[in-house]
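Peer 1: Generate a structure from the sequence data that follows.
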Amino acid sequence: MTPPGKPDAPVPSPSRSSQVQSRRDFLRQGGLATAGALVLGGGLELLTRQPGGTAEAASGTGSLPSRVYHGPYDTKEPMSKIADITGYNNYYEFGLDKSDPARNAGKLKTRPWTVQISGLVKKPQTVDIDTLQSWFPLEDRLYRMRCVEGWSLVIPWLGFPLAALLRRIEPTAGAKYIQFTSLADPAQMPGVRDPVLNWPYSEALRLDEAMNPLALMAVGLDGRILPNQNGAPLRLVVPWKYGFKNIKAITHIKLLAEQPKTTWSIAAPDEYGFYANVNPAVDHPRWSQATERRIGDLGRRPTLPFNGYGAQVAGLYKGMDLRRNF
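Peer 2: The predicted structure follows:
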């Protein structure tokens with residue numbers, strides 16, 4: 001989750017991690033039908049053999065091949081180092097410093113885990129996380145991530161389209177918004193003991209945003225089980241929005257008729273709006289949003305409207321004043 005602090009100072013530039021054969025291509029090759037059935041059937045945890053609550057789950061270790069990304073939703077930019085992706089995080093439930101999540105999230109138990117689906121849906125239910133992910137083929141997506149603080153990463157997610165989940169649970173005609181709520185357990189999450197935010201963390205999208213093909217429910221990272229500090233066992237990824245919209249450790253999904261309040265829009269409504277679309281033309285009240293620092297680089301680069309995904313999502317906001325609806 002993204003804090004209201006000022007942008008960070010530059011850090012030294014490490015070398016990029018190597019990127020080799022795509023797991024999608026790997027699974028298409030002969031002799032791997034069993035492995036493919038496990039992954040595409042949602043057996044990510046079975047394949048990696050990493051139960052929640054272990055050091056391995058916290059680090060996202062696993063044995064799937066590394067690969068390059070060339071699917072219809074993938075950026076062509078180089079992937080960030082996995083050490084940066086898993087070691088540099090905003091996740092206030094585990095502390096306020098960027099290194100706190102990696103240090104403190106290892107004890108989070110991600111199995112057993114259930115997700116409650118309620119509100120304006122035809123199929124309300126409470127579902128086990130492994131059952132939920134088994135409903136859908138899992139897809140690799142290499143996405144840019146832009147934090148409202150002015151830094152960015154390129155992250156190799158593994159998950160399923162949010163639209164697929166919505167089609168399965170069948171929103172009713174009156175549903176206009178989808179709200180997500182995170183776990184808030186002070187016994188496992190030391191940051192929840194600090195009232196820096198109104199816990200539990202909550203985020204939301206308009207239903208048409210949620211149905212966009214780019215919106216992803218992530219359960220893995222770089223072909224491995226999702227590390228705890230990156231939002232295990234289930235998180236939202238909406239790459240055209242600032243990072244704080246990408247809620248982690250989801251426990252509840254609710255369909256609503258009216259726009260709900262969200263955590264950061266309650267905490268600082270003049271700084272963090274409901275939409276949070278990446279917009280270099282609209283500065284944060286305390287800093288410019290025109291440029292960003294890619295973690296691992298020394299310099300800064302121009303920020304792209306909608307984080308570079310305008311061709312896919314700009315139509316969602318046709319006719320809207322994106323300065324007013326920030």
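Peer 1: Can you tell me the element Val196 falls in?
Peer 2: For Val196, there is no helix or strand it lies in under DSSP states H and E.
Peer 1: residues contacting it?
Peer 2: Neighbouring residues of Val196 by Cβ atoms under 8 Å, 6 or more residues apart in numbering: Tyr92, Leu96. Quick note: C-beta positions are derived from backbone N, CA and C, even for glycine.
Peer 1: mind listing what's buried in stretch 189-198?
Peer 2: Buried residues in stretch 189-198, defined by neighbour count with 16 or more other Cβ atoms under 10 Å: Met189, Gly191, Val192, Leu197.
Peer 1: can you pull the contacts of the last one?
Peer 2: Shown here is Leu197, whose contacts under the criterion Cβ under 8 Å, 6+ apart are Met1, Tyr92, Thr263, Trp264, Ala267.
Peer 1: Highest neighbour count among those?
Peer 2: Trp264 (26 neighbours; other Cβ atoms under 10 Å).
Peer 1: and it, that's in a helix?
Peer 2: Yes: counting by DSSP: H, G, I helix; E, B strand; the rest coil, Trp264 is found in a helix.
Peer 1: Identify the spatial nearest neighbour of it, chain neighbours not counted.
Peer 2: In space, and not counting its chain neighbours, Trp264 is closest to Tyr272: 3.7 Å by Cβ to Cβ, 6 or more residues apart in numbering.
Peer 1: Around the one you found, how many other residues sit close by?
Peer 2: Tyr272 is flanked by 21 other residues according to other Cβ under 10 Å.
Peer 1: Just the mean pLDDT for stretch 254-261, thanks.
Peer 2: The predicted model gives stretch 254-261 an average pLDDT of 98.
Peer 1: what does that stretch rub up against?
Peer 2: If you take Cβ under 8 Å, 6+ apart as the criterion, stretch 254-261 is touched by 117-121, 169, 171-172, 174-179, 181, 202, 204, 206-207, 274.
Peer 1: For it, measure first residue to last.
Peer 2: Distance between the two ends of stretch 254-261: 13 Å, counting by Cα to Cα, to the nearest Å.
Peer 1: rewinding a little: need the buried ones from the contacts of stretch 254-261 selected in ChimeraX.
Peer 2: The buried residues among these can be selected in ChimeraX (16+ other Cβ under 10 Å) with this line:
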select :117,119,120,121,169,171,175,177,178,179,181,202,204,206,207,274
